[in-house]
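Participant: Using only what follows, build the 3D model:
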Amino acid sequence: MAVLLPVRGQPHLVTKLLLLLVGALCVLVAGQGVHKRFEYKFSFKPPYLAQKDGSVPFFEYAGNAIASEDSVRITPSLRSQKGMIWSKELTNFDWWEVELTFKVTGRGRIGADGLAFWYSAAKGVEGPVYGANDQWIGLGVFFDSFDNDNKHNNPYIMAMTNDGAKNFDHQNDGATQQLAGCLRDFRNKPFPVKAKIEYFKNTLTVLFHNGMSNNDKDFEMCIRAENVVLPKQGYFGVSAATGGLADDHDVLRLVTHSLRSPEMALVPDNIDQEESAKFETEFQQFQQKNKEQKDQWIKENPEAAKKLKEDDWEDFFEDDSTRELKQIFQGQSAMNEVLRDLHRKMDEIIGRQERSLSVLTSIQNTGGRGAGSAPVQGGAVPAGAAIDTIRRDEVNAVLANQKELVGAARDIKNFVSDVHSKVSNIQQVQGKGQGSVERVGGGGDEQLKVINEIRDSVNRVKMDMQNGYARQGGQKQEQVACPTVSCVSTMMLVGALACQLVMIMAYLMYRDSKEQQAKKFY
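Facilitator: You can find the predicted model right below:
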């Protein structure tokens with residue numbers, strides 16, 4: 001929030017600032033309070049601007065003007081042409097805004113003479129001021145395209161008022177008589193040129209669109225004049241003229257709005273009340289006439305009227321209340337269908353959750369009972385349920401088999417260690433027997449006892465391995481009994497070790513010889 005601080009020694013500065021703020025607020029409030037109303041009797045625009053007979057509704061044109069469906073060509077690009085178009089009725093509003101859309105095109109670098117917008121107390125006739133008469137009473141906004149005074153200040157836009165006693169200064173292009181003006185080029189533009197002419201509370205404003213873009217908001221200020229007094233009632237018109245040089249002057253749109261302040265907008269016009277009363281009277285007369293014709297037809301055709309009454313055609317047409325109730329019932333039916341669909345989907349979701357819970361419960365029960373226990377009947381998975389890649393009991397069985405295999409591997413490791421220790425003991429015993437005298441039969445019995453223990457241990461390991469494989473594959477295998485005779489003797493074991501040692505040494509010698517032969521090539 002802005003706070004005004006007192007300035008010492010400069011009270012007039014604070015006063016000026018306050019006055020500026022109050023003036024700005026007044027301008028904003030006044031600008032926001034303008035009410036516009038479209039006036040169709042003072043406007044024309046495409047499509048179907050001209051009727052089939054060539055006339056323009058509520059307007060009349062003269063001179064060399066030509067009306068078409070899309071535009072009114074005020075003057076063609078021929079030398080010494082003049083044309084104009086004027087509204088047929090006088091205005092019935094004090095303030096107004098007119099948006100004029102036009103195009104001025106020609107083949108030359110410069111053109112002539114120009115185009116004019118008029119608000120005059122009387123309709124214009126053919127004359128020397130841009131195709132219309134001089135000494136008019138009202139306003140003229142001129143779009144001058146020819147440089148008569150050789151000051152190189154054309155094309156030029158200017159506004160001029162006349163009380164009926166002034167003659168337009170052609171030698172100076174009206175520079176000494178204008179209210180205000182601006183230097184703007186409006187010839188040969190890619191898009192139509194627009195001029196928004198506003199007269200509100202004795203202030204004349206002209207906004208100009210240069211036609212270089214298709215944006216309707218690209219208006220710029222051209223003319224602003226205050227204390228402009230115009231006739232209370234007048235005619236709107238557009239005229240144009242060509243001279244030694246020629247341009248096509250085409251008017252595409254002329255759209256008029258009446259302007260009113262907020263307090264004026266609340267007061268109805270006398271004309272609006274008269275038109276409303278006129279339309280109401282015409283409607284009542286039409287209803288009365290329609291009723292009389294209906295009664296006359298019933299008297300002339302009693303049988304047809306009786307049949308029509310029996311058929312009661314009026315029941316075939318629904319009134320507003322019936323239509324509204326029908327729409328309400330249709331909306332409720334649609335809502336009911338949506339709710340049913342939601343209930344059906346919720347039932348499906350609940351069913352899926354119950355099936356998922358039953359499957360989880362069966363898995364938990366199966367895991368608690370063990371791999372071999374059967375699933376609970378209440379939690380059995382139906383045939384159409386989702387297919388699992390592996391079940392809990394199968395996982396438990398795999399884990400149990402792995403544990404058994406690990407135990408068997410440990411037993412084998414222990415057995416091998418035991419065999420190694422016993423073989424070492426046998427070798428020590430044999431070494432002692434060579435250096436001492438033993439009792440007859442004593443050393444042989446001890447060796448046989450050790451060999452029998454080794455054999456029994458090997459048989460137990462084989463049986464454990466066979467049982468483990470049978471459980472893992474799910475099939476029972478027959479036990480293979482080991483022969484009662486000794487499978488491995490001491491001499492065979494020593495011989496096998498000797499053969500392995502000889503083979504290793506031979507391989508090492510062979511590898512060394514190959515390496516030496518390969519070194520000869522380097």
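
Participant: all contacts plus neighbour counts: C-alpha atoms, from now on.
Facilitator: OK.

Participant: okay, the spatially closest residue to residue 304 that is not a sequence neighbour: pLDDT?
Facilitator: Leaving aside its sequence neighbours, residue 304 sits nearest to residue 298 (Cα to Cα, 6 or more residues apart in numbering; 7.9 Å). Per-residue pLDDT puts residue 298 at 85.

Participant: same question, residue 87
Facilitator: On pLDDT, residue 87 comes in at 96.

Participant: got the contact list for it?
Facilitator: By Cα atoms under 8 Å, 6 or more residues apart in numbering, the contact set of residue 87 is 41-42, 58-60, 235-237.

Participant: Output these as JSON lines; include the columns distance to residue 424.
Facilitator: JSON lines is the format used below for those (distance: Cα to Cα, whole Å):
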{"residue": "41", "distance to residue 424": "131"}
{"residue": "42", "distance to residue 424": "131"}
{"residue": "58", "distance to residue 424": "134"}
{"residue": "59", "distance to residue 424": "135"}
{"residue": "60", "distance to residue 424": "137"}
{"residue": "235", "distance to residue 424": "138"}
{"residue": "236", "distance to residue 424": "134"}
{"residue": "237", "distance to residue 424": "135"}
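
Participant: correct me, but the residue nearest to residue 304 touches residue 305?
Facilitator: Yes. Counting by Cα atoms under 8 Å, residue 305 is a contact partner of residue 298 at 5.6 Å.

Participant: Can you list the low-confidence ranges for this protein?
Facilitator: 1-33, 265-272, 310-318, 367-392, 427, 429-448, 450, 468-488, 519-522 (pLDDT under 70).

Participant: spatially speaking, which residue is in the middle of it?
Facilitator: The centre of the chain sits closest to residue 215, judged by Cα atoms, centre = their mean, with a distance of 23.2 Å.

Participant: Any figure for the gap between that residue and residue 190?
Facilitator: According to Cα to Cα, to the nearest Å, residue 215 stands 12 Å off from residue 190.

Participant: so of the contacts of residue 87, which ones are in strands?
Facilitator: 59-60, 235-237 (DSSP state E).

Participant: Mind jotting down where the helices sit in the stretch 1-150 of the chain?
Facilitator: Along the stretch 1-150 of the chain, counting by DSSP state H, counting those that start in this stretch, helices occupy 11-32.

Participant: where along it do the strands fall?
Facilitator: Here the stretch 1-150 of the chain has its strands, by DSSP state E, counting those that start in this stretch, at 35-38, 59-63, 66-67, 72-75, 82-87, 95-105, 114-120, 126-129, 132, 137-144.

Participant: can you list those in JSON lines and add distance to residue 173?
Facilitator: As requested, the strands of the stretch 1-150 of the chain are exported to JSON lines (distance: least, Cα to Cα, whole Å):
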{"stretch": "strand 35-38", "distance to residue 173": "34"}
{"stretch": "strand 59-63", "distance to residue 173": "23"}
{"stretch": "strand 66-67", "distance to residue 173": "27"}
{"stretch": "strand 72-75", "distance to residue 173": "20"}
{"stretch": "strand 82-87", "distance to residue 173": "18"}
{"stretch": "strand 95-105", "distance to residue 173": "19"}
{"stretch": "strand 114-120", "distance to residue 173": "11"}
{"stretch": "strand 126-129", "distance to residue 173": "10"}
{"stretch": "strand 132", "distance to residue 173": "15"}
{"stretch": "strand 137-144", "distance to residue 173": "8"}
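
Participant: just so I know, which of these lies nearest residue 207?
Facilitator: Nearest to residue 207, of all those, is strand 95-105, at 9.3 Å by Cα to Cα.

Participant: do you know which of the strands of the stretch 1-150 of the chain lies nearest residue 394?
Facilitator: Set against residue 394 and scored by Cα to Cα, these come closest in strand 35-38, at 86.4 Å.
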